[in-house]
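Chemist: sequence plus the predicted model coming up.
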Amino acid sequence: MTLVAAIQMASGTHPPANLHEAARLLGEAAKAGAQLAVLPENFALMGMREEDKLAIREQPGAGMIQDFLSEQSRRLGLWIVGGTVPLDCGDEQRVTASCLVYDDQGRCLTRYDKIHLFDVRLPDHDEYYVESESTRPGDSVVVMDTPFGRLGLAVCYDLRFPELFRSLLDEDVELIVLPAAFTAVTGRAHWEALLRARAIENQVYLIAAAQGGYHVNGRETHGDSMIVDPWGNILDRLPRGSGVVLASLDRERQQAVRRSFPAISHRRLGCQLVHDKR
């Protein structure tokens, strides 16, 4: 079995301080025996405004945040999913929200750019977000081989789009990571239900690492980082504050679930649509 960790933070507006806290929590995860750790979305910066991320954008492969992730993974001998990093995309007004995966040698092996951007006004609340003004969406589904199984990547708002998770399943995904910064309002309403649904539907382990608490910019994030198994059981969770969520992945049990309850093979998405002309 493999011990994995979801890191929960309440990041602020000063990147060096956020990286210092991330290093402390990654060290805690490694000391506990974790082999894979997932950082939350925007772990290096929760700015006063969405566009603040433009000031810390990095070129792919170089920069303070990427150097930090490479150094920590190598120093701790830990695979790290680096939340999201604002990377240059050739657009002066926008960056990509890029989730980077580093192996235990400090090498960046893959990158996923967040596809679904949070452009919403919350019902019955004076709260709205237009993420697309400063972020360019990605257009590629990413699944990779790891020592822990076939790993799929998704970020925050992606959770609401089951077709993305089905696309990951079509690539034989076994484990999905989800760095996030869910709002307190939407988190209370939907976070747990959506995480458990995505894990159950696809019979995967799901590691959700969230921002959780009050931020300098006045925003409140939901937290409740958790690790969910393929039957929808919550193996560990952290409702609020900074900390580490730990659980073991049992791939033999996952395969047993898939064999005894073969819902994946029962899909009939190829059925022909018939229009009733009566």
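Modeler: In hand now; what should we look at?

Chemist: can I assume Gly12 is in contact with Gly218?
Modeler: No: using CB atoms under 8 Å as the test, Gly12 is too far from Gly218 to be in contact (11.7 Å). For glycine as for every other residue, the C-beta is placed from the backbone atoms N, C-alpha and C.

Chemist: name the residue in those two with the higher neighbour count.
Modeler: More crowded of Gly12 and Gly218, by other CB atoms under 10 Å: Gly12, with 16 against 7.

Chemist: ok, the nearest residue to the more buried one once chain neighbours are set aside to Ala247 distance?
Modeler: Using CB to CB, 6 or more residues apart in numbering and skipping the chain neighbours, the partner closest in space to Gly12 is Val216 (4.8 Å). Val216 sits 31 Å away from Ala247, going by CB to CB, to the nearest Å.

Chemist: so which of those two has more stuff around it?
Modeler: The residue with more neighbours, out of Val216 and Ala247 and counting by other CB under 10 Å, is Ala247; that gives 23 against 13.

Chemist: picking that back up, wait, doesn't the residue nearest to Gly12 sit right on Met48?
Modeler: Yes: when contacts are counted by CB under 8 Å, Val216 is listed as touching Met48 (7.2 Å).

Chemist: list the residues that contact both of the two?
Modeler: Thr13 (CB atoms under 8 Å, 6 or more residues apart in numbering).

Chemist: which residues touch Ile80?
Modeler: Ile80 sits next to Leu26, Leu36, Ala37, Val38, Leu39, Leu69, Gln72, Ser73, Val101, Tyr102 when contact means CB under 8 Å, 6+ apart.

Chemist: any idea which element it lies in?
Modeler: strand 79-81 (DSSP states H and E).

Chemist: do the same with Ala197
Modeler: Assessed by DSSP H and E, Ala197 sits inside helix 192-202.

Chemist: likewise Gln8?
Modeler: For Gln8, the host element (DSSP H and E) is strand 2-8.

Chemist: mind listing the strands that strand pairs with, and their directions?
Modeler: strand 36-38 (parallel), strand 243-249 (antiparallel) (DSSP bridges).

Chemist: with Phe161 as the reference, name the closest of these.
Modeler: Closest approach to Phe161 among the strands paired with strand 2-8 (CB to CB): strand 36-38, 19.4 Å.
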